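Student: sequence first, then the predicted structure:
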Amino acid sequence: MARYSPHTAESRQQLLQEIGVESIGDLLKVIPQGLQEVEFDLPEGKSELEVRQLLQTLADRNRHLDSASAFLGAGCYRHFIPAAVWALVSRGEFLTSYTPYQPEAAQGTLQTIFEFQTGIARLTGLPVANASLYDGASATAEAVLMALRLQKKRSHLLIAGSLHPEYQELLDTYLKGLEVTAAQLPLETSGKLDLEVLKAQLTSECAAVVVQCPNFYGIIEDLGAIAPIIHEAGALLIVVVTDPTAYALLKTPGDGGADIVAGEAHCLGTPPSFGGPHLGILATKSEFIRQVPGRLVSITQDARGQQVYTLTLQTREQHIRREKATSNVCTNQSLMAAAASVYMALLGPDGLRQIATSSVQLAHQAQSEIAKLPGYKLLYNAPFFHEFVIQCPISAQEIINRGVAQGIYPGVPLSRWEKDRDRDLLICVTEMNTTSQIQQLVEFLASIA
């Protein structure tokens, strides 16, 4: 195939004359001669066809989720994505979108983000949602910083022990250097937050309590019982969500008494894709709107009285005095937010409810069958959404290694984060798992028991 070069010999010579040198070699005189004569062991260039064939050969060595029985979760979930989602989002108007600083030239992008905010507000049950953050972990940290700004006279945090470990790790990083203390709240044997310990540890110094629901182990926390305890002490309740489809079935965090909801919306229209990209969300009450990080897209009217969309309440240090900024969030996940907008619009409340219902039913079927196997123990007995923890007769990592060899990904070992939980396996089931895959998993685990 012919090689394409955008520059002709004449155009190159014209450029050299313009800068006052005779040849390209003259530009390289500053490089020592010994370095100029180095020979690199590089293969000859290949044609486009050859490169595509080589890359396809390499790609075929990967095992994708459509070719395996995968029960992976732990904050990154696989849900059905209609083909129309990425057919629309892959259009150039969406694909090249960036933070729309010029509203007159970005009405489509602004409306897309506004629709995203609206969908997240409905799922969380809170009236205000921002224009997306980087991921669930950083959104959680931003929510905590927001709570500390709202509670200026308080400098203590309580964090449920069932918060995603990676969210906890990033939160620790955010809090370093701040005059803030934090304590971890233990769980009951059922897997839920211990309310008696919560009551005992709440003091007038506590600014906020961070609770994940469903929690990292899949358990559904009783937000209706948790919120009054926290509010009575004058603290704020931050609810972390890693799979918003749960709230197509459950009572929303806002209805449960949450003051701020933060977390992950990656599963709304974006496949796992090696663990990313992700999509952070944050929603809150109207009275806290001035402390929301990032930016908001709102509806207003132009000089002609027409409805238009615009960025408002931009809290980034670039927009206001640096010392007054409430956020250093530099951009938003526009493409992922667009996918989530299209996803929520296509499925609607009924479609999301069907996905959540199927996930719950299949997960409970899998849990029930696995719990019957000799050598396996169900660790928690509280209500759960689509994840649960099983204690295995041998190392969970060893089970995973054996499963992968057979095209089965049984789950995620908790020893990845908690070294003393070598035999505990976190299993996730969604509507993408078939009954035959569940049966395959059960039979595989039975062969090990």
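Tutor: Received it, and whenever you're ready, just let me know what you need.

Student: rest of the way, CA atoms for contacts and neighbours
Tutor: Noted.

Student: show me where the stretch 251-400 of the chain has its strands.
Tutor: In the stretch 251-400 of the chain, the strands defined using DSSP state E, counting those that start in this stretch lie at 260-264, 280-284, 296-301, 307-312, 377-378, 387-391.

Student: per-domain residue ranges of the chain.
Tutor: Per automatic domain parsing, the structural domains of the chain span 67-80+349-448, 83-344.

Student: wait, which of these is closest to G20?
Tutor: domain 83-344 (38.1 Å; CA to CA).

Student: mind checking how far the helix or strand hosting I230 is from the chain centre?
Tutor: I230 is part of helix 223-232, with elements assigned from DSSP states H and E. Distance of helix 223-232 from its chain centroid, counting by CA atoms, centre = their mean, to the nearest Å, is 26 Å.

Student: helices and strands around it, which ones?
Tutor: Where contact means 3 or more CA pairs under 8 Å, 6 or more residues apart in numbering; DSSP states H and E, helix 223-232 is packed against strand 236-241.

Student: looking at the strand it packs on now, give me its mean pLDDT.
Tutor: Mean pLDDT, strand 236-241: 98.

Student: quick check, pLDDT for P82.
Tutor: For P82, pLDDT reads 96.

Student: go on, L198?
Tutor: L198 carries a pLDDT value of 98.

Student: just confirm V210 is within a helix.
Tutor: No: using DSSP: H, G, I helix; E, B strand; the rest coil, the assignment for V210 is strand, not a helix.

Student: follow-up on the earlier one: which of the domains of the chain has the lowest average pLDDT?
Tutor: Ranked by mean pLDDT, the domains of the chain bottom out at domain 83-344, which scores a mean of 92.

Student: now that domain: how far from the chain's centre is it?
Tutor: 11 Å.

Student: for the chain, what's the longest helix?
Tutor: What stands out as the longest helix in the chain, according to DSSP state H, is helix 334-371.

Student: roughly how far out does the helix or strand that contains S447 sit from the chain middle?
Tutor: Following DSSP H and E, the helix or strand that holds S447 is helix 435-448. Offset of helix 435-448 from its chain centre (CA atoms, centre = their mean): 29 Å.

Student: stretch 54-74 too?
Tutor: Relative to its parent chain, stretch 54-74 has a centroid offset of 21 Å by CA atoms, centre = their mean.

Student: kindly report the same for stretch 22-30.
Tutor: 49 Å.

Student: now L158: phi and psi?
Tutor: phi -120, psi 130 (degrees, to the nearest 10).

Student: now do it against P393, distance only.
Tutor: 34 Å (CA to CA, to the nearest Å).

Student: same deal with F71?
Tutor: F71 is 19 Å from P393, by CA to CA.

Student: and the helices in the chain?
Tutor: Going by DSSP H, the chain shows helices at 9-19, 24-27, 33-36, 48-59, 83-89, 92-95, 107-124, 136-150, 165-175, 195-201, 223-232, 334-371, 396-405, 435-448.

Student: L249 is nearest to which of those?
Tutor: Proximity to L249 (CA to CA) singles out helix 334-371 among the helices of the chain, at 6.0 Å.

Student: before we move on, the earlier item: how about the strands of the stretch 251-400 of the chain in JSON lines, adding distance to E232 and mean neighbour count?
Tutor: Shown next, in JSON lines, are those (distance: least, CA to CA, whole Å; neighbours: other CA atoms under 10 Å):
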{"stretch": "strand 260-264", "distance to E232": "17", "mean neighbour count": "29"}
{"stretch": "strand 280-284", "distance to E232": "19", "mean neighbour count": "30"}
{"stretch": "strand 296-301", "distance to E232": "30", "mean neighbour count": "16"}
{"stretch": "strand 307-312", "distance to E232": "33", "mean neighbour count": "16"}
{"stretch": "strand 377-378", "distance to E232": "35", "mean neighbour count": "16"}
{"stretch": "strand 387-391", "distance to E232": "32", "mean neighbour count": "23"}
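
Student: redo these as TSV? Include distance to E104.
Tutor: Formatted as TSV, the strands of the stretch 251-400 of the chain follow (distance: least, CA to CA, whole Å):
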stretch	distance to E104
strand 260-264	30
strand 280-284	26
strand 296-301	12
strand 307-312	8
strand 377-378	57
strand 387-391	45
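
Student: A371: how many residues sit nearby?
Tutor: By the measure other CA atoms under 10 Å, the count of residues near A371 is 16.

Student: I figured it hits K377, correct?
Tutor: Yes: if you go by CA atoms under 8 Å, A371 and K377 touch, sitting 5.9 Å apart.

Student: rewinding a little: nearest to G263, out of the helices of the chain?
Tutor: helix 136-150 (4.0 Å).

Student: hmm, who's touching the closest one?
Tutor: When contacts are defined by CA atoms under 8 Å, 6 or more residues apart in numbering, helix 136-150 is touched by residues 133, 154-155, 166-168, 170-171, 174, 207-208, 236, 238, 240-242, 260-265, 278-282, 288, 291-293, 326.

Student: what distance do you get for the closest residue in space to Q111 that isn't next to it in sequence to A182?
Tutor: Leaving aside its chain neighbours, Q111 sits nearest to Y309 (6.2 Å; criterion: CA to CA, 6 or more residues apart in numbering). As judged by CA to CA, Y309 and A182 stand 40 Å apart.

Student: go on, L378?
Tutor: L378 is 31 Å from A182, by CA to CA.

Student: just F385 next, same as before
Tutor: 28 Å.
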